[in-house]
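# A structural model of the following input is requested.
(chains A and B)
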Amino acid sequence: MRISAASTISHQDTFQHKGFSAALTGLKQGAQVLEPDYTKFIAPMELRRMSEVLKMAIVCAVDCLDQAELEQPDAIVVGTAIGCAVHTKNFMDKILASDGGLISPTSFILSTHNTIAGQISLRLKNHGYNMTHTQNSLSFEQALMDAMLCVKGGCKQVLAGAADELETSLYDIKARLHQEHAIPVCGASFFVLSAEAVVGSDINLVDVESLGLVTGLTEHIATFLSSNKLSAADIDLLLYSNSTQNTVDELTTIFGNGKLYDYQAISGTYLTNSAFALHFGIDALSYTSHPLFGENVRNVLICNNLIPENLGLILLNKTY
Amino acid sequence: MKVFVTGIGVVSAIGLDVEENLQSLKSSSTGISRDNNYGLMLGKVRLSNQQIIDLLELPSGIYSRTTLLALLAGKEAWGAHTHDKNIRTGLVSATSIGGMDQTEQYYHESKKNDAAQIIGEMTFDNGRTTEQLAAALNFSGYIGTISTACSSGANAIMQGARLLEGNKLDRVLVGGSDPLALFNIKGFGALNIYDQNICKPFDDARKGLNLGEGAGFLLLENEHSLSITGSKPLCLLTGWNNASDAYHQTASSPDGRGASLAMVNALAKANLVPEEISYINAHGTGTGNNDLSESMALKAVFGEKIPPFSSTKGFTGHTLAAAGAIEAVYCVLSIQAQALLPNLNFSNPMKETGMMPENRFRSGVPVVFVLSNSFGFGGNCTCLIFRKAQ
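Coordinates of the predicted model:
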């Protein structure tokens, strides 16, 4: 199925920046999220009440719909690992401070994981399918699989995305991932998947897999590629998350040295950063000749091994 | 493509397994009682965390109550099944607050003492609670968690059915689990929607909901899986749909648009006309807003011929992400027992609708198709339809 729009807000210059895959360099410690002028998309009164993750997600979603010239998607599917953790923490603080007295419900209301997908539906007055997947590092892959099932089930246009915020007091991502050098960040990416060919888009989401509690990276990648009638040699660009040296060694053995690119060095670390990788891959495929990856980049595989026992695979290609 | 329900498991305030839950439903015995700590009516599971750990003989470790309740019900639904490389098997669970019961203890402790840190890290993310269930049952592969507030459990069941229909899996354990935690008790308290006494779903004098805790799980199989496992179907899942109300973050629309859409689309999916539904297990939380909105939606879909319906939340309390899954198990029991389930504490129909729910366990009724509603924050509306096995 076609990917007819993509939008990302991150700690890098990604928003409405066509060609960013060639322009960005490794993320530096301390880099802040690059907020677009949100007032172009959301009224100032509403903005004041919104958490960072809601602003990012809603603006990416709206930007995607604009790109796809779409008023109403048939379904909205979101992946988020830790959900609205800032509101969750706020409400926990309010409980502690209240000493049994009255508490405002606002943070509680906005703390549920499906606040993001729900607020998008409210904003659009969209009555379609609305789903939220929250399986740590595989949340986005599961949202994409769901979106593909929606398209197979008859939806013409699906808005799918991922968003996670930076909240380390409830979820210390560096400790959980055992990655002391990681740069924890927030990020949101949204996409429009279309059942039919769309003018101006030649990039396809081919297949997605979500595998939890697995071992044997090589075998799982081989199975995934062969079920799509491909071999490792057909993959022109392999985007991976830098989980362990073992993973990198294994991927190098499978794909060779020249095809590997560490997306996490660009995106920073959050549990749904494979959504950043998908946008990166789409952007890379939009070049005829990419400054980093050369000519004839046709098949891109995203290998999300952020949590070593959880494996996400996303395959995309370009129609010639 | 058919989706067979071949296993069920449930733990709630009215019992630790399917049989105990069924007996309580038959005898109209509520599990809701006043909790002395909170001074609230709550539907608590009668075992402590340590008692569940001992009962299940779990290895030492940190478990959220979400995981422990899921393990009780998940193991019961999985039963004597084993893994087989020829059956692609997955797990889709649901929770609204994940390991919050542990996280909040850590968080409160860490305000006083930095050393308390690691506990919360291990249990905050929702997916972790599902992975602990998966690990205990030796699952690997598709392991997913849905979190759409109070419709989560129904959505996990629907997701499993869609993964079978989409030929991604052959067999899938689906359900949901939520514990009572300070976080959700205070949260719904802040919303000011508690009935200080026992809840009265669909009654004109209803004042609000009672919270509960628990877990429900179903095992779903396709025909390929059945041909290997030889499981005997308890019933089939034939209809499902999710739709958005798109009205308000927490309140349901006055006309129940999202709920109507979910029911109409689920009926279409099951290829049914409304008159074919034998029994409806309503969301029926007991709040003024939900029960009126749901009633209006039922009228919109079924007209003047509304099938027998009831809310079982007067037994269990509102178990949030577990509710849709626990109630799905009750729908299966309704089909198995050929009986309608009672709506407790009902006296007078609401003025706006005049609708009367079933008020006793009525057996000897042909129950062929059962419809179950679940609604959540964000206007998330889900409808499931179960069919008697032939």
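# what's the local residue count around the residue nearest to residue B:188 when sequence neighbours are not counted?
What sits nearest to residue B:188 in space, not counting adjacent residues and going by Cβ to Cβ, 6 or more residues apart in numbering or on different chains, is residue B:211, at 6.0 Å. Every residue, glycine included, has its C-beta placed from N, CA and C. Residues contacting residue B:211 under the criterion other Cβ atoms under 10 Å in any protein chain shown number 29.
# what strand or helix carries whatever residue of the stretch 1-150 of chain A ends up closest to chain B?
Chain B sits closest to residue A:118 of the stretch 1-150 of chain A, with a gap of 2.2 Å, by Cβ to the nearest Cβ. Assigning secondary structure by DSSP states H and E places residue A:118 in helix A:115-124.
# and that helix, how far out from the chain's middle?
Taking Cα atoms, centre = their mean, to the nearest Å, one finds the center of helix A:115-124 at 17 Å from the center of the full chain.
# contacts for the helix or strand following that helix next, please.
As assigned by DSSP H and E, the chain's next helix or strand after helix A:115-124 is strand A:129-133. The contact list for strand A:129-133, computed with Cβ atoms under 8 Å, 6 or more residues apart in numbering or on different chains, reads A:74-80, A:83, A:113-114, A:116-118, A:121, A:139-140, A:142-143, A:146, A:150, A:155, B:144-148, B:155, B:159, B:241-244, B:378-380.
# so is whichever helix or strand comes after strand A:129-133 next to chain B?
Of the helices and strands lying after strand A:129-133 in sequence (DSSP H and E), the nearest is helix A:139-152. Yes: on the criterion Cβ under 8 Å from any Cβ of the partner chain, helix A:139-152 is in touch with chain B at A:139, A:142, A:145-146, A:148-149, A:152.
# neighbour count added to these, as CSV?
Compiled in CSV, the residues of helix A:139-152 next to chain B are given as follows (neighbours: other Cβ atoms under 10 Å in any protein chain shown):
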residue, neighbour count
A:139, 34
A:142, 30
A:145, 28
A:146, 27
A:148, 22
A:149, 21
A:152, 14
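# which parts of the helix or strand where residue A:221 lies are buried?
Following DSSP H and E, one finds residue A:221 within helix A:217-227. Along helix A:217-227, the positions that meet the burial threshold by neighbour count (16 or more other Cβ atoms under 10 Å in any protein chain shown) are A:217, A:220-221, A:224-225.
# could you say what helices and strands that helix packs with?
The helices and strands touching helix A:217-227, judged by 3 or more Cβ pairs under 8 Å, 6 or more residues apart in numbering or on different chains; DSSP states H and E, are strand A:203-211, helix A:245-255, strand A:299-304, strand A:311-318.
# where does the chain have low pLDDT?
Let's take chain A. A:243 (pLDDT under 70).
# meant chain B actually
Filtered on pLDDT under 70, chain B yields the residue ranges B:114-122.
# closest point of the stretch 201-320 of chain A to chain B, which residue?
In the stretch 201-320 of chain A, the residue that lies nearest chain B is residue A:212 (3.3 Å; Cβ to the nearest Cβ).
# contacts only, for residue A:84.
Applying Cβ under 8 Å, 6+ apart, the residues near residue A:84 are A:51, A:53-54, A:110-113, A:115-116, A:165.
# residues from the stretch 1-150 of chain B in reach of chain A?
Proximity of the stretch 1-150 of chain B to chain A (Cβ under 8 Å from any Cβ) is limited to residues B:96, B:98, B:103-104, B:107-108, B:110-111, B:117-118, B:120-121, B:124-128, B:130-131, B:134-135, B:139-149.
# mind checking which of these are buried?
Listed as buried from those are B:96, B:98, B:103-104, B:107, B:120-121, B:124-128, B:130-131, B:134, B:139-149; burial here means 16+ other Cβ under 10 Å.
# that'll do, ta.
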